[in-house]
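Peer 1: Below is the structure, and that's it, no one-letter string:
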């Protein structure tokens with residue numbers, strides 16, 4: 001599944017966008033999700049480059065706005081459910 005189609009990843013990106021950098025524990029508390037769910041969403045975001053670690057790989061994590069815009073533009077039709 002494409003990471004931006006995952007509701008938990010979308011919520012994570014929105015939270016990082018609005019509230020700024022956060023640790024996995026902070027994100028789990030803000031989103032009211034288990035840390036394992038947040039960890040998966042962070043991994044998905046890291047894998048496609050829309051999330052990055054502010055410190056050497058351990059968080060806090062932040063959104064990469066230009067990468068989000070590029071990913072959305074690239075997958076626009078599938079994200080909107082457009083038919084070709």
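Peer 2: Structure received. On a predicted model such as this, the values are computed, not experimentally measured, just so you know.

Peer 1: What are the boundaries of the strands in the protein?
Peer 2: For the chain, applying DSSP state E gives strands covering 51-53, 61-63.

Peer 1: of these, which approaches residue 6 most closely?
Peer 2: strand 51-53 (12.5 Å; CB to CB). C-betas here are computed from N, CA, C, even on glycine.

Peer 1: Paired strands for that closest one, with orientation please.
Peer 2: Using DSSP bridges, the strands paired with strand 51-53 in its sheet are strand 61-63 (antiparallel).

Peer 1: model confidence over the partner strand, on average?
Peer 2: For strand 61-63, the mean pLDDT works out to 94.

Peer 1: same check, this time on stretch 17-25
Peer 2: 94.

Peer 1: Stretch 35-55 now?
Peer 2: Averaging pLDDT along stretch 35-55 gives 91.

Peer 1: Please name whichever of the strands of the chain is nearest to residue 38.
Peer 2: strand 61-63 (9.4 Å).
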